[in-house]
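# mind looking at a prediction? Sequence and model below.
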Amino acid sequence: MAQPMIQCEGLTKRFGSFTAVDHVSFNVERGAIFGFLGPNGSGKSTVIRMLCGILEPSDGTASIDGRNVVEETDELKEMIGYMSQKFSLYDELTVHENLTFYGKLYGLRREALRKRYDDLLALTHLEPYLERRAGLLSGGWRQRLAMACALMHEPKVLFLDEPTAGIDPVARRELWDLLFEFSGRGMTLFVTTHYMDEAERCSHVGYIYLSKLIVCGVPDSLKLLPEVNPPGTRRIDVTCEHVTVGLQALRHKAGISTATVFGQSMHLLVDDAVSDERIRSYLAEAGIHSVDLRPISPSLEDVFVALTAKHAEGGHA
Ligand code: ADP
Ligand code: MG
């Protein structure tokens, strides 16, 4: 098998007595779209900064395409693009000027710069905005420009730290379409996000909680883990009127371990011993009679919730 594009082993970062990243180990395969999730302050940006050679690890090792991120920083710079949470675009400069500036910063000149500039314009559809100042772009277009700037030197790996935070749903989807295009061209993407729907789009995901990596892998395999599907239980979707009333009716009943509202329906994790009829009768007691039940498989959110609970109990995921 090919060597993974990103490898980290026991990666740790301490700030004084506080451990921001605690012995994190994982690999990212070539061409993957790796989604890195976790609540605020869990250590995502710190992991990215260590992988990009900006922060030195307190312990552990990491490499990108076989290059050590501490010792081979010159090679590293050529291989990676980094779009930080607050990527610095020059607001007073136009789109054209920002792209040219970043291209030159990366050492591109004349023909090479021209070619890369044209390629990226075609890819990101920024052409109509070339003469607009970066400060006047909408959130989505600003992120596109930031991405184009971070890609000027044709990196193999692109790190994006919360690229979709604060942008509207249409721009968010378009940005993801663009990420899939990059991926289709063979680039490896490392993306942090808070959005579960974005996690579901990734080929691989990792979840970090209180500085520790809780789980990492392919979404479909994680959804099959026994911790997520305890033997003798099943997950069902219950669609009915007045779901919030229904939730109260089901929440503390024996054999119903979790009940959560999802829009017009509830998702339950129930013991096999609790029949559909039993659930219908609980709801009927609360005055809810029109009920639709169907089996469902766990979502990535279910995976993270189940494994975080297990971790909090002191178990090892
Ligand atoms: P995330 O990106 O998941 O929100 P961060 O990696 O930014 O989390 O931060 C993880 C923790 O490390 C936070 O508690 C943060 O306050 C702390 N931290 C990050 N950078 C520094 C720093 N340079 N000095 C001290 N503490 C830091
Ligand atoms: Mg962060």
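Thanks, I have the structure now. Ligands and ions are numbered 1, 2, ... in the order given.
# now for the most far-flung residue of the chain relative to its centre: which residues touch it?
Using CA atoms, centre = their mean, the residue of the chain lying farthest from its centre is E285. It sits 41.6 Å away. Counting by CB atoms under 8 Å, 6 or more residues apart in numbering, E285 touches A249. For the C-beta atoms, the positions are set from N, CA and C on the backbone; glycine is no exception.
# how confident was the prediction at it?
At E285, the model reports a pLDDT of 95.
# swap in G315?
55.
# buried sites along stretch 166-182?
167, 171-172, 174-176, 178-179, 182 (16 or more other CB atoms under 10 Å).
# would you list those residues in JSON lines and tack on pLDDT, secondary structure and distance to ligand 2?
Formatted as JSON lines, these follow (pLDDT from 0 to 100; DSSP: H, G, I helix; E, B strand; the rest coil; distance: CB to the ion, whole Å):
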{"residue": "I167", "pLDDT": "89", "secondary structure": "coil", "distance to ligand 2": "16"}
{"residue": "A171", "pLDDT": "91", "secondary structure": "helix", "distance to ligand 2": "20"}
{"residue": "R172", "pLDDT": "93", "secondary structure": "helix", "distance to ligand 2": "18"}
{"residue": "E174", "pLDDT": "92", "secondary structure": "helix", "distance to ligand 2": "23"}
{"residue": "L175", "pLDDT": "92", "secondary structure": "helix", "distance to ligand 2": "18"}
{"residue": "W176", "pLDDT": "95", "secondary structure": "helix", "distance to ligand 2": "19"}
{"residue": "L178", "pLDDT": "93", "secondary structure": "helix", "distance to ligand 2": "21"}
{"residue": "L179", "pLDDT": "94", "secondary structure": "helix", "distance to ligand 2": "18"}
{"residue": "F182", "pLDDT": "93", "secondary structure": "helix", "distance to ligand 2": "21"}
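# intersect those residues with the contacts of ligand 1.
Among those, none lies close to ligand 1 by the criterion of CB under 6 Å from any ligand atom.
# closest one to D74 out of these, please.
F182 (23.9 Å; CB to CB).
# interface residues of this protein facing ligand 1?
15, 20, 38, 40-46.
# try 5 Å this time
Residues of the chain found near ligand 1 (CB under 5 Å from any ligand atom) are 15, 20, 40-46.
# hang on, G140 is in a helix, isn't it?
Yes - counting by DSSP: H, G, I helix; E, B strand; the rest coil, G140 is found in a helix.
# for it, give me its contacts.
Contact analysis of G140 by CB under 8 Å, 6+ apart lists 167-168, 170-172, 174-175.
# switch the cut-off to 10 Å
164, 167-168, 170-175 (CB atoms under 10 Å, 6 or more residues apart in numbering).
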